[in-house]
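Asker: Let's see this in three dimensions:
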Amino acid sequence: MAKNRFTKVLIVDDQPLFSLGLSALLENLKKFEIAGIANNITDALKIAQEENPSIVFLEIRLGKENGMDLIVKLKNINPQIIILVVSANDEQFYSERVLRMGARGYIMKTSDSSVILNAINTVLEGKVYLSDSERERVFQAITVDSSRGIKDWPMTIKKLSNRELQVFTLIGKGYGTIEIASMFNISTKTIDSHKEHLKLKLHCTTSQELRQLAIEWTRSG
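Answerer: Predicted coordinates:
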């Protein structure tokens, strides 16, 4: 019975030593159940369909396969599944891309175990995780454009998924998290997750900045 309280985990990585190490780290916490370990996309999808894990730890470099292809497929199986990319690939080249595809965070394999645990707790709380340096890089990327004082709304909105655009528009109209969640009949945690993705994609460091940008968007329309 107690096993049902555990968070089911799927690890997808083609390096057995890393998979076993991560598995041991999680099991020692006494709150995770390892639903399966896969080293390729086919096996990962099979485990996901049979075990319905809550969170997936994904290496995007899977031999000849591209782990990013798995992100969308996993979200199609379960839109609520949490995907945390734990990769040897440099985050500055892939973090924004995987987040736009539906992942909740990106962390380098070279990170300390304490950092990895912090990333896990962050995404389980419905937030987006990036390292401090990567968040700074993402936020700085918009600084030059912001200084021009010009909003390229077509390019800005293009970054958003359909649901993110709906949430963004409702924020601009003054609706709160509970109200938006009620409109879509989904949890407030899911709306908070959408907000975290919006802040990252639109380079907003705070919720207030996101709200102000959303107000500008609704007024522009």
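
Asker: Is it correct that Ile37 falls within a helix?
Answerer: No: under DSSP: H, G, I helix; E, B strand; the rest coil, Ile37 falls outside any helix and is assigned strand.

Asker: Next, the contact list for it, please.
Answerer: By Cβ atoms under 8 Å, 6 or more residues apart in numbering, the contact list for Ile37 reads 10-13, 19-20, 23. (Each C-beta comes from the backbone N, C-alpha and C, glycine too.)

Asker: Go again with 10 Å.
Answerer: Residues in contact with Ile37 (Cβ atoms under 10 Å, 6 or more residues apart in numbering) are 9-13, 16, 19-20, 22-23, 43-44, 47, 57.

Asker: Same check on Ile157?
Answerer: Counting by Cβ under 10 Å, 6+ apart, Ile157 has contacts 164-165, 168-169, 202, 217, 221.

Asker: average model confidence for the helix or strand hosting it?
Answerer: Assigned by DSSP states H and E, Ile157 falls within helix 153-158. On average, the pLDDT along helix 153-158 is 69.

Asker: again with stretch 134-144
Answerer: For stretch 134-144, mean pLDDT is 66.

Asker: cool, and stretch 67-87?
Answerer: Mean per-residue pLDDT for stretch 67-87: 93.

Asker: For burial, what's the neighbour tally of the closest residue to Met101 other than its chain neighbours?
Answerer: Of all residues not flanking Met101 in the chain, Ile71 sits nearest, at 4.5 Å (Cβ to Cβ, 6 or more residues apart in numbering). Other residues near Ile71 number 23, with proximity taken as other Cβ atoms under 10 Å.

Asker: do Gly36 as well
Answerer: By other Cβ under 10 Å, 18 other residues sit near Gly36.

Asker: ok, what's across the strand from it?
Answerer: Leu10 (DSSP bridges).

Asker: quick check: domain ranges of the chain?
Answerer: Domain assignment for the chain, taken from automatic domain parsing, gives 2-132, 143-220.

Asker: Could you give the separation of the shortest one from the chain centroid?
Answerer: The reference is to domain 143-220. Remark: domain 143-220 is offset 16 Å from the chain centroid, using Cα atoms, centre = their mean, to the nearest Å.

Asker: Who are the contact partners of Ile71?
Answerer: Per Cβ under 10 Å, 6+ apart, neighbours of Ile71: 56, 58, 60, 81, 83, 85, 97-103.

Asker: how about Leu165, what does it touch?
Answerer: By Cβ under 10 Å, 6+ apart, the contact list for Leu165 reads 157-159, 198, 217.

Asker: Isn't Gln202 up against Leu160?
Answerer: Wrong residue type there; residue 202 is Leu, not Gln. Yes: if you go by Cβ atoms under 10 Å, Leu202 and Leu160 touch, sitting 8.1 Å apart.

Asker: Give me the common contacts of these two.
Answerer: Counting by Cβ under 10 Å, 6+ apart, the residues touching both Leu202 and Leu160 are Phe168.

Asker: circling back to that earlier point, can you put the contacts of Leu165 in CSV and add distance to Lys173?
Answerer: Shown next, in CSV, are the contacts of Leu165 (distance: Cβ to Cβ, whole Å):
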residue, distance to Lys173
Ile157, 16
Lys158, 21
Lys159, 20
Leu198, 15
Trp217, 10
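
Asker: Of the residues you listed, keep whichever come out buried.
Answerer: In terms of neighbour count (16 or more other Cβ atoms under 10 Å), the buried residues within those are 159, 198, 217.
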